[in-house]
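Q: what follows is a predicted protein model with its sequence.
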Amino acid sequence: MRIRTGAASAALAGLLAVGAVGTAQAESHNAPQDRGTYSMKEARSGSGVGAFETKGDRVHFSHTVRGNINAHGWWKRLNGPATKAKVTVWLQVKGGSGWTTLNKGSKTVYSGGGSAKRASAAWKCTNFIAKHSFRSVIDVDIVGYPDDNHKKTTDTQTLYCGT
């Protein structure tokens, strides 16, 4: 679970970071971020972004475009002054050499989600016989504030969708 925080908690984060840096780094690099809807971000002195959640859904068949699979990403402001963020979502398929991006979508949106407040990536299936594993990766960059390299990865979905 990761929550991105800003200057308000910088002093506390600094004190906690001294004893927890090794553990936090091991957790963030080794533990999958599949189930968490938000995550703890190290506070940056003077960033002032506040706290927000990086959110996204699992890759799924589209309800509006027949034969497509979709992935969506959005953000939710918990506190702080941030109002807009550039959300990027990568729709990926697993192959012999690892994960390959099929499509990428970006959109600058207000907090919330829903069709108007999210980024989406879609892929048209070539057939419905081949079975593949899909996931999405979501990055939220708050407009006007520095960013880290945290990205949310959704649970893997196995779908009958040829690529």
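A: Here it is on my side, so go on. Numbers count the residues shown, from 1 in each chain.
Q: and Thr54, bridged to which residues?
A: Note on Thr54: beta-bridge partners Trp75, judged by DSSP bridges.
Q: can you show me the strands along the protein?
A: Taking DSSP state E as the criterion, the chain contains strands spanning 51-56, 60-61, 68-79, 84-95, 98-110, 119-124, 131-142, 152-153, 157-160.
Q: and those strands as TSV, adding mean neighbour count and mean pLDDT?
A: Just so you know, the C-beta spots here come from the backbone N, C-alpha and C atoms, and that holds for glycine as well. Supplementary listing: the strands of the chain in TSV, determined by neighbours: other C-beta atoms under 10 Å; pLDDT from 0 to 100:
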stretch	mean neighbour count	mean pLDDT
strand 51-56	23	94
strand 60-61	16	97
strand 68-79	22	96
strand 84-95	20	97
strand 98-110	15	97
strand 119-124	20	97
strand 131-142	21	97
strand 152-153	20	96
strand 157-160	15	97
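Q: so what's the nearest residue to His132 once chain neighbours are set aside up against?
A: Excluding its sequence neighbours, the residue lying closest to His132 (C-beta to C-beta, 6 or more residues apart in numbering) is Val93, at 5.2 Å. In this structure, Val93 makes contact with 99-100, 102, 132-134, 163, judged by C-beta atoms under 8 Å, 6 or more residues apart in numbering.
Q: wait, Ile138 sits on Ser120?
A: No. Counting by C-beta atoms under 8 Å, Ile138 does not reach Ser120; the two are 10.8 Å apart.
Q: okay, and the common contacts of these two?
A: Going by C-beta under 8 Å, 6+ apart, residues that sit against Ile138 and also against Ser120 are 73, 89.
Q: now do the contacts for the residue lying closest to Ser133 once chain neighbours are set aside.
A: Of all residues beyond its chain neighbours, the one nearest Ser133 is Lys94 (4.1 Å), with distances taken as C-beta to C-beta, 6+ apart. The contact partners of Lys94, taken as C-beta under 8 Å, 6+ apart, are 100, 132-135, 156.
Q: reformat the contacts of Val93 as CSV; add distance to Tyr145.
A: Written out in CSV, the entries for the contacts of Val93 read as follows (distance: C-beta to C-beta, whole Å):
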residue, distance to Tyr145
Trp99, 28
Thr100, 31
Leu102, 30
His132, 37
Ser133, 34
Phe134, 31
Thr163, 36
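Q: tell me what the residue nearest to the spatial centre of the chain is bridged to.
A: With distances taken as C-alpha atoms, centre = their mean, Ile138 lies nearest the centre of the chain, 2.6 Å away. For Ile138, the beta-bridge partners are Val89, Lys152 (DSSP bridges).
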